[in-house]
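Q: Give the three-dimensional model of this entry:
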Amino acid sequence: MPVLSSSKPYRIGRSRTGLGLFATKPIKKGAKIVRYFGPLLDSKNKKHDAIENKYLFELNGRWTVDGSVRKNIARYINHACKPNAESDVNARKRKVVIRAIKHIEPGEEINYDYGTDYFKAYLKPIGCKCDSCEKKRKKKRAEARAEKLRLKAKAEKKAERKAEKQAKARDKLKGKSLSAKAANGKFINGHAAANPAGKAAAAKSRTPEFKTVATANARSRKVRASASA
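A: Presented below is the predicted three-dimensional model:
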């Protein structure tokens, strides 16, 4: 890791994505922070055109800065979708400077937008870890948890309503069963009903015809008893 002068308004420190560049002093909006530098690569040179690394900074269709050298402090500046700095490219002078686009407080990480091509090639496959994207992911996770809880509560409420409905149906069926038994004469006022056949026999014994026959039979028994005496 390169040694930095104490007069510089930044330091290299541990970031969410590895190493990053952090402000050590207040940096005003529009102020130059650091130059992005390294060997110039000519796209017309086959050897240069074959070089591949994630620190290549394209100036125009021909010239590219190879910022992979360790003395290039700007290589430690991470990407952000909502940055506090930007790259100021001067293609004619073949020079790149990182400037603040917001007031940066001591302790804040310095970052700039790497551009669409870099994002698609290096960041999108693994997921951008800048503060803005992290907040979006946290929000989505919170919304997903809330939706899961909502669906769970809805399912529990539906199950409760179903259980109540089934309980009411059982109570209704039980009431119908008791009514049917009472109608069949098995239960009246909590007591067993009299035998219908017994009732009919008793009613018959009280009819006039039955009484006449009974009286005649009694008299016949008395006459037979007298004759025997």
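Q: in this structure, which residue is closest to the centre?
A: Centroid check for the chain by Cα atoms, centre = their mean gives Ala144 as the closest residue, at 2.6 Å.
Q: does that residue sit in a helix or strand, and which one?
A: Secondary structure assigned from DSSP states H and E places Ala144 in helix 131-183.
Q: Kindly report the same for Ser87.
A: Going by DSSP H and E, Ser87 is part of strand 85-90.
Q: Ok, Arg99 next?
A: Per DSSP H and E: Arg99 is located in strand 95-100.
Q: Which elements pack onto that strand?
A: Applying 3 or more Cβ pairs under 8 Å, 6 or more residues apart in numbering; DSSP states H and E, one finds that strand 95-100 contacts strand 32-36, strand 85-90, strand 109-112. (Glycine included, C-beta is placed from N, CA and C.)
Q: Using CSV, please lay out those together with distance to Ser179, mean pLDDT and mean neighbour count.
A: Below are the helices and strands packed on strand 95-100 laid out as CSV (distance: least, Cβ to Cβ, whole Å; pLDDT from 0 to 100; neighbours: other Cβ atoms under 10 Å):
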stretch, distance to Ser179, mean pLDDT, mean neighbour count
strand 32-36, 90, 97, 18
strand 85-90, 85, 96, 16
strand 109-112, 80, 97, 23
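Q: Mark out where each domain of this protein begins and ends.
A: Each domain of the chain is listed here as a residue range: 10-128, 130-186, per automatic domain parsing.
Q: circling back to that earlier point, in the sheet, which strands lie alongside the strand holding Arg99, parallel or antiparallel?
A: According to DSSP bridges, strand 95-100 forms sheet pairs with strand 32-36 (antiparallel), strand 85-90 (antiparallel).
Q: Out of those, flag the one nearest Lys174.
A: Taking Cβ to Cβ as the criterion, strand 85-90 is the member of those that comes nearest to Lys174, at 77.4 Å.
Q: can you list the residues that contact the closest one?
A: For strand 85-90, contacts defined as Cβ atoms under 8 Å, 6 or more residues apart in numbering pick out 33, 36, 57, 59, 77, 95-102, 104, 110-113.
Q: can you do 7 Å?
A: Residues outside strand 85-90 that contact it (Cβ atoms under 7 Å, 6 or more residues apart in numbering) are 33, 36, 59, 96-101, 110-112.
Q: Using JSON lines, lay out the helices and strands packed on strand 95-100 together with distance to Arg150.
A: Output for the helices and strands packed on strand 95-100, formatted as JSON lines (distance: least, Cβ to Cβ, whole Å):
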{"stretch": "strand 32-36", "distance to Arg150": "46"}
{"stretch": "strand 85-90", "distance to Arg150": "41"}
{"stretch": "strand 109-112", "distance to Arg150": "36"}
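Q: pLDDT below threshold where in the chain?
A: When residues are selected by pLDDT under 70, those of the chain lie in 3, 5, 185-229.
Q: ok, back up a step: would you mark the buried spots in the strand holding Arg99?
A: Within strand 95-100, the residues scored as buried using 16 or more other Cβ atoms under 10 Å are 96-100.
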